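Undergrad: Pasted the sequence and its predicted model underneath.
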Amino acid sequence: AEIWDNVPLAPPDSIFNLIAAYAADPTPHKVNLSVGAYRDDDNKPWVLPVVKKATQILLNDPTLDHEYLSIIGFPAFTSAAAKLILGPDSPAITEGRVVSVQTISGTGANHLGALFLSRFYQFNGTKQVYLTKPTWVNHYAVFKNVDIAPVEYPYFDPRTLGVDFDGLKSALENAPTRSIILLHACAHNPTGVDPNREQWEEIAKIMLSKGHFAFFDSAYQGFASGDLNNDAWAVRYFADKGVPLLICQSFAKNAGLYGERVGALHVIAPSSDAAKRIRSQLSVLQRSEISNPPAHGARIMSLILNDPKLSEEWDQDIKTMAYRIIAMREQLYKLLTEEFKTPGNWEHIIKQIGMFSFTGLNQQQSLALGEKAHIYLTNNGRISMAGLNTHNIRYVAECLDKVVR
Ligand code: PLP
């Protein structure tokens, strides 16, 4: 036998497969609704004007060098990032109970958070994490990689295309005490369905009474409503109520810094002494994995977050993205219900939040859109609203209408 004969061929990543199929399709009117990245009305990636400005400031700074950051990252970035998600007046921050570590975007934060829990969390029995069903597919691999078994809890109700709140509640109530529960901070991927505030309050109450740990994945702050504070509401509420938690924070989507890998892991500790010990162990883990996080994107975000004027411009840029997406939801809904009179109820299109929408299309219909209409979406019927624009939305609505009839 030859060396590496034992290595089986892994299946290709389904989303990256779709992107390749789209790229290879010569049809001019093809539409890509699979990708989880913002596009402008001309279907182009959008470099936020505030990011361009901050990049220019960096270019003009004669003192900048390419030295290593510290193991846990750029402090001016991580502390501003903690304030962004927890609020500027967060008691956990002022009491020195927040541990913030710069990570390789949101994925790296998920990994480091999971790795830390795998090493140090006092699991009640089996090492497992509760994931929303469905969830971002990568969650499964991230937790398996660190020997934490993913188990699912009901989240999405295919009948109502909304939250299966009764199923969710009873799963959290019946889970062993001190379970780890993964929660999407806002703009749930892939469904676009979030709990409302009363529901979040009930979830927090159950989590507290059961001693559960909240693993918040926050990849879309600002993207859901167009308002950074509004989208941080659930995380801040849980932190206020004292639910033990960590947050995985990504600046890929809300700052359009996908490839720069800008993110942070924030762990809220019960005391500043515990925070000190947690920080020391996170440093040890980070050192063995990446030594030091990348500097460029963190510097850009630090400039934006720490300068009131740039922060304000960022708020506007976020609104530009979020409001375009909301406008696409409204137009699609209008086209389906008023113009094409498409059978079925399409209210979920305007009710769902963020970049993604679960359309309710089945696998066969999703595939048919690709094959017959050159409209590419994942087999689960999820579409990225960012792939819609004023030039293609009529065509997409027309094809959706045909495929469900
Ligand atoms: N978590 C969720 C729910 C996501 O949807 C994504 C990206 O699609 C991520 C985390 C991580 O993204 P990144 O590593 O690019 O920040």
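TA: Okay, I see it.

Undergrad: just checking, what packs against the biggest helix by length in the chain?
TA: In the chain, taking DSSP state H as the definition, the longest helix is helix 308-334. Applying 3 or more CB pairs under 8 Å, 6 or more residues apart in numbering; DSSP states H and E, we find helix 308-334 packed against helix 49-59, helix 296-306, helix 347-351, helix 393-404. Where C-beta positions appear, they are placed from N, C-alpha and C, glycine not excepted.

Undergrad: Is stretch 122-141 positioned near the ligand?
TA: Yes: on the criterion CB under 6 Å from any ligand atom, stretch 122-141 is in touch with the ligand at Trp136.

Undergrad: For that stretch, buried residues please.
TA: Buried residues in stretch 122-141, counting neighbours by 16 or more other CB atoms under 10 Å, are found at Phe123, Gln128, Val129, Tyr130, Leu131, Thr132, Lys133, Pro134, Thr135, Trp136, His139.

Undergrad: can you check stretch 219-236 too?
TA: 219-226, 228, 231-236.

Undergrad: and which of those residues is nearest the ligand?
TA: Ala219 (3.8 Å; CB to the nearest ligand atom).

Undergrad: show me the contacts for the closest one.
TA: Shown in contact with Ala219 (CB atoms under 8 Å, 6 or more residues apart in numbering): Gly106, Trp136, His184, Ala185, Ala187, Asn189, Cys248, Ser250, Ala252, Lys253.

Undergrad: Assign Asp41 to helix, strand or coil.
TA: Here Asp41 is coil, with the state taken from DSSP: H, G, I helix; E, B strand; the rest coil.

Undergrad: Next, give phi and psi for the residue nearest the centre of the chain.
TA: Most central in the chain under CA atoms, centre = their mean is Ala219, positioned 2.7 Å from the mean C-alpha point. Main-chain torsions, Ala219, degrees, to the nearest 10: phi -100, psi -10.

Undergrad: just the residues of this protein that are near the ligand, which are they?
TA: Residues of the chain found near the ligand (CB under 6 Å from any ligand atom) are 36, 105-107, 136, 184, 189, 217, 219, 250, 252, 258, 263.

Undergrad: Weed out the non-buried ones from these.
TA: Buried members of those, scored by 16+ other CB under 10 Å, are 36, 105-107, 136, 184, 189, 217, 219, 250, 252, 258, 263.

Undergrad: Quick check: the residue of the stretch 251-400 of the chain nearest the ligand.
TA: Ala252 (3.7 Å).

Undergrad: In contact with that residue, which residues are there?
TA: Ser105, Gly106, Ala219, Tyr258, Arg261, Val262, Gly263.

Undergrad: Tell me the gap between the lowest-mean-pLDDT helix or strand in the chain and the middle of its chain.
TA: Ranked by mean pLDDT, DSSP states H and E, the helix or strand of the chain with the weakest confidence is helix 14-24, at a mean of 86. Computed by CA atoms, centre = their mean, to the nearest Å, the chain-centroid distance of helix 14-24 equals 21 Å.

Undergrad: Report all helices and strands that that helix contacts.
TA: Using 3+ CB pairs under 8 Å, 6+ apart as the test, helix 14-24 ends up in contact with strand 31-32, strand 375-376.

Undergrad: As JSON lines, those strands with mean neighbour count would be great.
TA: Formatted as JSON lines, those follow (neighbours: other CB atoms under 10 Å):
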{"stretch": "strand 31-32", "mean neighbour count": "24"}
{"stretch": "strand 375-376", "mean neighbour count": "24"}
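
Undergrad: okay, the residue nearest to the centre of the chain: pLDDT?
TA: At Ala219, the predicted lDDT confidence score is 97.

Undergrad: picking up where we left off before, would you mark the buried spots in the longest helix of the chain?
TA: Result for helix 308-334 [16+ other CB under 10 Å]: buried residues 310-311, 313-315, 317-318, 320-322, 324-326, 328-329, 331-334.

Undergrad: what's the answer for stretch 194-204, then?
TA: Applying 16+ other CB under 10 Å to stretch 194-204 flags Asp194, Pro195, Trp200, Ile203, Ala204 as buried.

Undergrad: what residues does that stretch touch?
TA: Residues outside stretch 194-204 that contact it (CB under 8 Å, 6+ apart) are 163, 165, 168-169, 172, 183-184, 186-188, 224, 233-234, 237-238, 241, 243, 353.

Undergrad: sorry, back to before: which of the contacts of Ala252 sit farthest apart?
TA: Spanning the widest gap among those are Ala219 and Arg261, at 12.8 Å by CB to CB.

Undergrad: What's the PyMOL syntax to select whichever of the contacts of stretch 194-204 are buried?
TA: In PyMOL syntax, the buried subset of the contacts of stretch 194-204 is picked out as below (16+ other CB under 10 Å):
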select buried, resi 163+165+168+169+172+183+184+186+187+188+224+233+234+238+243+353
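
Undergrad: Could you verify that Leu265 is part of a helix?
TA: No: per three-state DSSP, Leu265 lies outside any helix segment and is strand.

Undergrad: From what I see, it and Leu112 are in contact.
TA: Yes: Leu265 lies in contact with Leu112 (CB atoms under 8 Å); the separation is 5.0 Å.

Undergrad: Spell out which residues are contacts of both of the two.
TA: Common contacts of Leu265 and Leu112 (CB under 8 Å, 6+ apart): Val101, Thr103, Leu282.

Undergrad: Over to Ile181: give its phi and psi.
TA: The phi/psi pair for Ile181 (degrees, to the nearest 10) is phi -120, psi 120.

Undergrad: what bridges to it?
TA: Tyr130, Ala214 (DSSP bridges).

Undergrad: can you give me the helices for the stretch 1-150 of the chain?
TA: 14-24, 49-59, 75-86, 91-94, 105-120, 138-144 (DSSP state H, counting those that start in this stretch).

Undergrad: any idea which of these scores lowest on pLDDT?
TA: When these are ranked by mean pLDDT, helix 14-24 comes last with a mean of 86.
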